[in-house]
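1. dropping a prediction and its sequence here:
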Amino acid sequence: MDCTDPAPRVNFEHLPRFVGKKVRLVGQCEGFDGGVAKVKAADGGIVLVRTKSGAPYENNYVEVEGLVDGPNSMTEVEHTLFGEKFDMEVYNEVCKLANTSQQALFL
């Protein structure tokens, strides 16, 4: 595991602070069109993710590591499938903690 370039965990609310930087976003796949996945973040916001393969994700929930292009979009570097069930409410609380004074615990 490479820890030299950590990617912070974010939800939709945090994306604008990370434009041009690498992040990790977990979300629920809501649709796919022309190489772009519509991903519902843990806090309910919709993020447009340009997938690396140009194909849709194979599971309902996915973690995407990628570069933030704008306040509601990112380009995938890699992804991890999280299956068909995932507690988005708990993950949203993790994102909130990871972007406060407790940030050092998550990097």
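-> Thanks, I have the structure now.
2. does residue 52 touch residue 76 like I think?
-> Yes: in terms of Cβ atoms under 8 Å, residue 52 counts as a neighbour of residue 76; the distance is 4.5 Å. C-betas here are computed from N, CA, C, even on glycine.
3. if you count surrounding residues, which of those two has more?
-> Set residue 52 next to residue 76 and count neighbours by other Cβ atoms under 10 Å: residue 76 wins out with 18 against 15.
4. what distance do you get for that one to residue 43?
-> Distance of residue 76 to residue 43, computed by Cβ to Cβ, to the nearest Å: 20 Å.
5. ditto for residue 15
-> Look at residue 15 and residue 43: by Cβ to Cβ, they are 10 Å apart.
6. of those two, who's got more company?
-> The neighbour comparison of residue 15 against residue 43 (other Cβ under 10 Å) goes to residue 15, with 22 against 17.
7. what about that one, which SS state?
-> Under DSSP: H, G, I helix; E, B strand; the rest coil, residue 15 falls in the helix class.
8. let's have the chain start at 349 instead
-> OK, 349 is where the count begins now, so the last one is residue 363.
9. who's in contact with it?
-> The neighbours of residue 363, taking Cβ atoms under 8 Å, 6 or more residues apart in numbering as the test, are 371, 373, 393, 395, 416, 418, 419, 420, 422.
10. just send those back as TSV, with neighbour count and distance to residue 448 too.
-> Listed next are these as TSV, based on neighbours: other Cβ atoms under 10 Å; distance: Cβ to Cβ, whole Å:
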residue	neighbour count	distance to residue 448
371	22	16
373	29	18
393	17	18
395	24	21
416	22	19
418	12	24
419	13	20
420	14	22
422	25	22
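11. beta partners for residue 395?
-> residue 387 (DSSP bridges).
12. got a pLDDT number for residue 444?
-> Looking at residue 444, its pLDDT is 86.
13. now the strands: where do they sit in the protein?
-> For the chain, strands defined by DSSP state E occupy the ranges 357-358, 370-381, 384-389, 394-398, 409-418, 421-431.
14. and among those strands, the most buried is which?
-> Among the strands of the chain, ranked by average contacts under mean count of other Cβ atoms under 10 Å, first place goes to strand 357-358 (a mean of 24).
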